[in-house]
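> Everything below, folded, please.
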Amino acid sequence: MVRRRQGGDVALVATDGLEGLLETAHLLRSPRRETGLPTPFKRWGLEW
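Numbering: from 1, shown residues only. Model (predicted):
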């Protein structure tokens with residue numbers, strides 16, 4: 001995380017991490033696929 005004095009904060013993300021985030025965002029656009037995602041989150045103990 002880079003905190004800037006002027007402008008918003010920015011985050012540096014590794015390319016493979018960014019690709020994973022973009023793929024997740026793409027999958028979340030589909031209402032059909034969205035319903036299956038909470039199960040893994042619960043398994044990992046994360047809030048959905």
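
> Could you list the buried residues of stretch 17-30?
When neighbours are counted by 16 or more other Cβ atoms under 10 Å, no buried residue of stretch 17-30 is found. C-beta: built from backbone N, CA, C; applies to glycine.

> ok, now stretch 10-19?
Buried-residue list, stretch 10-19, by 16+ other Cβ under 10 Å: empty.

> what's the first-to-last distance across it?
Terminal residues of stretch 10-19 are spaced 17 Å apart (Cα to Cα, to the nearest Å).

> which stretches of this protein aren't confidently modelled?
Where the chain drops to pLDDT under 70, the residues are 31-42, 46-48.

> And the helices in it?
Along the chain, counting by DSSP state H, helices occupy 15-28, 31-34, 38-43.

> got a list of what residue 4 touches?
Applying Cβ atoms under 8 Å, 6 or more residues apart in numbering to residue 4 gives the contacts residue 10.

> measure it to residue 14 for me?
From residue 4 over to residue 14 the distance is 20 Å, taken as Cβ to Cβ, to the nearest Å.

> just residue 20 next, same as before
Residue 20 sits 9 Å away from residue 14, going by Cβ to Cβ.

> What of residue 6?
Distance, residue 6 to residue 14, using Cβ to Cβ: 26 Å.

> neighbours around residue 5, how many?
4 (other Cβ atoms under 10 Å).
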